[in-house]
Structures are given as C-alpha cells and as structure tokens.
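Novice: Predicted coordinates and the sequence they were generated for:
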Amino acid sequence: MMHDLIFGGNSTDRNNVFKLQKRAIRLITNSSNRTSCHRLFKTLGILPLQSQYILSLALFVSKNMEIFTPNSDIHTKNTRNKCNLFLPQTRLTKYQKGVYFAGIKIFNYLPENIKKLSDNTNIFKRELKKFL
C-alpha cells in the first residue's frame with residue numbers, strides 16, 4: 001500500500017481506500033463491521049492511510065533535505081521557527097497539493113524533537129512511526 005502513496009495519498013479517492021483498509025483489517029482480525037478499527041490498527045502495528053501518507057511525505061523531506069530551504073537561511077534573526085522549512089508563496093492549488101509543498105507543511109508541523117532526527121533516516125522513521 002505504500003507504493004506511490006506520496007503521489008496519490010492526497011487524491012479524492014483516499015476515503016474509499018481508507019474504507020477498504022479498515023475492511024481488510026476487520027477481515028484479518030475476524031471482527032464485526034461495527035468494530036472500531038482504532039484499536040485494531042494499534043494491535044496489528046499498522047498505520048492508517050492518513051498516517052502512512054504523513055510518514056511518506058516526511059521521509060521524502062528528510063531524504064531530500066538539500067532541495068529545501070530552512071527558515072534560518074532566509075531570516076537573519078534567531079526566531080522560534082528557525083528549524084522549520086521555508087514555505088514558498090504560491091496561488092496554484094495544484095502546486096499546493098503537490099509533494100514539495102505538502103511535504104514542507106507536514107514537516108513544519110512535526111514536533112521539534114522529531115525534526116532534529118531528520119539527519120538519520122532510520123531513527124527519524126522509527127520515532128515518527130511511534131508518534132503517528
């Protein structure tokens with residue numbers, strides 16, 4: 001399911017895919033249709049579709065950090081958002097829903113302790129999975 005999720009995770013059919021994912025989880029655990037999947041996802045150690053999308057975007061950003069501009073390079077003052085990435089101004093919705101722009105937004109919303117781990121991909125991925 002992770003294959004090309006970075007490109008299709010923000011599509012209009014994501015709710016249908018999430019419903020299929022919940023249906024599959026219920027079939028695997030032999031649960032009824034009315035059982036909440038929140039607990040089932042945790043017991044199986046599987047991330048829901050939305051969390052997998054966030055994980056794939058954050059990993060894309062951490063692996064390609066050289067193509068992003070940190071706020072500390074833009075602003076000369078030491079601000080509280082210096083660890084965040086610079087979000088370019090744009091009006092095109094297609095660009096805003098793209099991987100580059102969405103990746104920056106997701107990365108900027110992560111907690112500071114996880115952002116600092118972005119240099120080491122394996123530790124970053126492990127801690128982000130725990131967080132999600």
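Specialist: Nice, I can see it.
Novice: From residue 47, how far out is the spatially most central residue of the chain?
Specialist: Of all residues in the chain, the one closest to the mean position by C-alpha atoms, centre = their mean is residue 54, 1.1 Å from it. Noted for residue 54: a distance of 9 Å to residue 47, by C-beta to C-beta, to the nearest Å. Where C-beta positions appear, they are placed from N, C-alpha and C, glycine not excepted.
Novice: Equivalent analysis for residue 114, please.
Specialist: Residue 114 sits 15 Å away from residue 47, going by C-beta to C-beta.
Novice: Also residue 127?
Specialist: Taking C-beta to C-beta, one finds residue 127 at 14 Å from residue 47.
Novice: rewinding a little: so what sits against both of residue 54 and residue 47?
Specialist: Between them, residue 54 and residue 47 share these contacting residues under C-beta atoms under 8 Å, 6 or more residues apart in numbering: residue 132.
Novice: Doesn't residue 46 lie inside a helix?
Specialist: No: counting by DSSP: H, G, I helix; E, B strand; the rest coil, residue 46 is located in no helix; its state is coil.
Novice: Just to check, it is in contact with residue 28?
Specialist: No: assessed by C-beta atoms under 8 Å, residue 46 is found out of contact with residue 28, at 9.1 Å.
Novice: Nothing else from me, thank you.
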